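Peer 1: I would like the atomic coordinates for the input below:
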Amino acid sequence: MGEISKLYAKTPDVQKSNSVLRIQRTKSSQPIKSSADRILFLQRTIGNQVVQRLIKSGALQAKFKIGQPGDKYEQEADRVADAVMRMPEPGVQRQVEPEEEEETL
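Peer 2: Alright, predicted model coming up:
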């Protein structure tokens with residue numbers, strides 16, 4: 001059974017087309033048995049494709065770099081935090097509303 005089995009499903013609206021998405025899998029991968037397995041396989045495949053598109057577009061950052069302690073970015077963050085903490089608290093005053101009297105019968 002060296003054939004490649006195919007699973008067909010409609011593409012999501014994100015791709016803006018009604019074409020058919022073809023997902024191929026080889027003999028070495030586990031067989032898709034139930035409809036739930038098919039849905040999960042499709043979800044993983046489409047999800048991975050969307051993530052790859054987001055990474056290529058620059059909307060996602062693939063790796064986060066941590067700088068050295070005391071670098072210029074940490075110093076700037078410390079300056080901004082100090083400035084925020086020194087800000088005076090706004091003088092918010094609540095207006096007292098007259099209490100309604102209860103009716104007695």
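Peer 1: So which elements touch the helix or strand in which R38 is found?
Peer 2: For R38, the host element (DSSP states H and E) is helix 35-57. In terms of contacts (3 or more CB pairs under 8 Å, 6 or more residues apart in numbering; DSSP states H and E), helix 35-57 is packed against strand 5-10, strand 20-25. All C-beta spots, glycine's among them, are computed from the backbone N, C-alpha and C.
Peer 1: how much space is there between G70 and A77?
Peer 2: Going from G70 to A77 by CB to CB, to the nearest Å gives 11 Å.
Peer 1: Around P98, how many other residues sit close by?
Peer 2: Neighbourhood size, P98 [other CB atoms under 10 Å]: 5.
Peer 1: is it true that Y73 touches I66?
Peer 2: No: taking contacts as CB atoms under 8 Å, Y73 lies outside contact range of I66: 10.3 Å.
Peer 1: Counting neighbours, go ahead and name the busier of the two.
Peer 2: Counted by other CB under 10 Å, Y73 and I66 do not tie: Y73 has more neighbours, with 10 against 6.
Peer 1: Now the weakest link among the helices and strands packed on helix 35-57, please, by mean pLDDT.
Peer 2: The weakest mean pLDDT among the helices and strands packed on helix 35-57 belongs to strand 5-10, with a mean of 39.
Peer 1: Point out where this structure drops to low pLDDT.
Peer 2: Residue ranges of the chain with pLDDT under 70: 1-32, 61-62, 105.
Peer 1: mind redoing it with 50?
Peer 2: Applying pLDDT under 50 to the chain flags residues 1-28.
Peer 1: Quick check: G58 vs Q43, distance?
Peer 2: Distance, G58 to Q43, using CB to CB: 25 Å.
Peer 1: Please disregard the earlier target; I meant Q52.
Peer 2: Counting by CB to CB - Q52 and Q43 are separated by 15 Å.
Peer 1: Likewise for A81?
Peer 2: To Q43, A81 is 42 Å away according to CB to CB.
Peer 1: for F64, helix, strand, or coil?
Peer 2: Under the three-state scheme (DSSP: H, G, I helix; E, B strand; the rest coil), F64 adopts coil.
Peer 1: what's the burial count for T45?
Peer 2: Neighbour count of T45, defined by other CB under 10 Å: 16.
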